[in-house]
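Student: One predicted model, sequence on top.
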Amino acid sequence: MEINDNIRNEVGNKVPFTTPDNYFEEFSAKIEQLLDKQEESNQVINLSLWQRVQPYVYLAAMFIGLYVSITTFVKPSIQQKQKEQELVELAIQKELLLDEIDEYALYELLSYNN
Amino acid sequence: MKEIIEESEILAMLASEQTKRKAFSWIMKTYQQKMYYHIRKMLINHDDTDDVLQNTFLKAWLHIASFRGESSLSTWLYRIATNETLDFLRSKKQTNEYVDIEDTLALSLQDTSYFSGNEIELKLQKAILLLPEKQRLVFNMKYFDDITYEQMSEILETSVGALKASYHLATKKIEKLILLMD
């Protein structure tokens, strides 16, 4: 403690810093203003229920619209293409079947039937 | 506002939405000088102190609902101000990796427009700046503000014994440093 007392006796414990004139009055006013602004912005943020759910409703509507357009326009054309593909495959199979039949056997069959 | 003295009254006012702002204004007006000089002694520069003091009170307002009066208002504010000051110093050290912040502060002591001390006070401030951060805090709080070790222990979350040792070491170092500067 005596060391502390030595410094204290020699230097004292006055804080050697000053502030600009009226600093503390202006500081309080500045903080009050900032708090007012914060309160104002908080009030703006207080949205109604509809305002809060609005974006989700719009998002849901967009997905429903997308689903309806897919089922109306895209799905039938896919089904149509599938049908066409099936017909082509059937035609190919018939062609192959005819190729496989021996012409002589066919003649024999026709004459036997007659 | 001056008539309100009891902290229990302030706590009651803080609990009500209608009187919360009034209570906070009182807190601010009552403690702003104390907090300013607490921060200023660590940061030296007035503008930096102004920024940190502003953050201190804005943070206090933000967390005012969590203040239940377990510690005194002064302890609670000192804790916020100290944390804000240390955070500020940390970020300054990160952005100025190759510069010794304490050296910069010591240099700015002479340049600062708001330094009113004489030669020996300047030496003391320079010696304080040579102490490690935590020791600097402890020394300033005890030497200039005469804060009790018990309150300091609550603010800095350090044991009373460690704080006493830290202050003792700090005073020893400062005395040596002042002698070296002569």
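Tutor: Here it is on my side, so go on.
Student: For the residue in chain A that chain B sits nearest to, which non-adjacent residue is spatially closest?
Tutor: Here chain A gets closest to chain B at one residue, A:P16, 2.7 Å apart by CB to the nearest CB. The C-beta positions use only the backbone N, C-alpha and C, and glycine is treated the same way. Using CB to CB, 6 or more residues apart in numbering or on different chains and skipping residues adjacent in sequence, the residue nearest A:P16 is B:G117, 2.7 Å away.
Student: Which residues of chain A lie near chain B?
Tutor: A:3-4, A:6-8, A:10-20, A:23-24, A:27-28, A:30-32, A:34-35 (CB under 8 Å from any CB of the partner chain).
Student: what about 6 Å?
Tutor: Listed as neighbours of chain B in chain A under the rule CB under 6 Å from any CB of the partner chain: A:I3, A:N4, A:V11, A:N13, A:V15, A:P16, A:F17, A:T18, A:F24, A:S28, A:I31.
Student: quick revisit: touching, the residue nearest to A:P16 and A:F17? I think so.
Tutor: No. Contact between B:G117 and A:F17 fails when scored by CB atoms under 6 Å: they sit 7.9 Å apart.
Student: Who has more neighbours out of those two?
Tutor: More neighbours surround A:F17 than the other of B:G117 and A:F17, with 21 against 18 (other CB atoms under 10 Å in any protein chain shown).
Student: so where's chain B uncertain?
Tutor: The model of chain B has pLDDT under 70 over residues B:1-5, B:97-99, B:101, B:110-113.
Student: Residue of it nearest chain A, please.
Tutor: Counting by CB to the nearest CB, chain B gets nearest chain A through B:G117, at 2.7 Å.
Student: Quick one: classify that residue as helix, strand or coil.
Tutor: Under the three-state scheme (DSSP: H, G, I helix; E, B strand; the rest coil), B:G117 adopts coil.
Student: before we move on, what about B:D146?
Tutor: With three-state DSSP as the basis, the three-state label of B:D146 is coil.
Student: What about it, how many residues nearby?
Tutor: Residues lying near B:D146 (other CB under 10 Å) number 8.
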